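J.: For reference, the sequence and a predicted model appear below.
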Amino acid sequence: MVFLNLLVIYLFFFGGSGAIMYVASIFGYFEYIEINAFITGSMAIGIISGAYSTEVFRGAIQSIDKGQFEAAKVLGVSKFVQFYKIILPQMLRLAIPNLSNVWQITLKDTSLISVTGLVEIMRQSYIAAGSTRDPLFFYSFAAVLYLLLTYLSMKLINRLEARYSRGY
């Protein structure tokens, strides 16, 4: 999975400029166009986690009993109300635990963006450890920072999970 994520980041970073320059050449612009490393990394990680999240939502909707859809149709509820009042609460109850896994993976995958030259937490720790010759302190600080981000994320996700699991 890491190789796939790294491949997508490389594809966006190295192929993105070429693709944009090709489209620009169609419109008569022939100068070099460079894409920002932060935007490239954000889009790559966003697309990867979006794909995983879409599968989570698809699986959650498919696991809802078909009787729920049929009952809403028989009652004459509009599709908008059917989705937001009947299907969405049940879907979120099933999807939130899996979305928390996707979020944790996405949080860890942000360290892969350093291949584009962007300085993130682990890259900054590497630079600081190399210049001060104290790797234990900086890598420990990075680990605590990741732990803090994970802890705060899980607190929020646990609250959401408890809220949408009421009544079950």
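T.: That came in fine, so what should we check first? In this text, all values refer to a predicted model and were calculated from it rather than measured experimentally.
J.: what's the spacing between the residue positioned nearest the centre of the chain and residue 134?
T.: What sits nearest the mean C-alpha location of the chain, by C-alpha atoms, centre = their mean, is residue 49, with 3.4 Å. In this view, residue 49 and residue 134 are 34 Å apart by C-beta to C-beta, to the nearest Å. C-betas here are computed from N, CA, C, even on glycine.
J.: Next: residue 48.
T.: Distance from residue 48 to residue 134, by C-beta to C-beta: 34 Å.
J.: more neighbours, these two?
T.: Between residue 48 and residue 134, counted using other C-beta atoms under 10 Å, the more crowded position is residue 48 (20 against 12).
J.: Could I get the contacting residues of the more buried one?
T.: Applying C-beta atoms under 8 Å, 6 or more residues apart in numbering, we find residue 48 in contact with 4, 5, 8, 106, 109.
J.: Work out for me the element it sits within.
T.: helix 37-62 (DSSP states H and E).
J.: Now do that helix: distance to the chain's middle.
T.: Distance, stretch centre to chain centre, for helix 37-62: 5 Å (C-alpha atoms, centre = their mean, to the nearest Å).
J.: and what of stretch 65-80?
T.: 32 Å.
J.: With adjacent residues omitted, what lies nearest to residue 6?
T.: Nearest residue to residue 6, sequence neighbours excluded (C-beta to C-beta, 6 or more residues apart in numbering): residue 112, at 5.6 Å.
J.: isn't that neighbour right next to residue 10, touching?
T.: No. Judged on C-beta atoms under 8 Å, residue 112 makes no contact with residue 10 at a distance of 9.8 Å.
J.: I'd like to know how far residue 2 sits from residue 105.
T.: Distance from residue 2 to residue 105, by C-beta to C-beta: 10 Å.
J.: the more surrounded of the two?
T.: More crowded of residue 2 and residue 105, by other C-beta under 10 Å: residue 105, with 16 against 10.
J.: picking that back up, quick one: contacts for the residue nearest to residue 6?
T.: Applying C-beta under 8 Å, 6+ apart, we find residue 112 in contact with 2, 5, 6, 9, 45.
J.: does the fourth one sit in a helix or strand, and which one?
T.: Looking back up the chat, that one is residue 9. For residue 9, the host element (DSSP H and E) is helix 2-26.
J.: Buried residues of that helix, list them for me.
T.: Across helix 2-26, burial judged by 16 or more other C-beta atoms under 10 Å covers 5, 8, 9, 12, 13, 16, 21.
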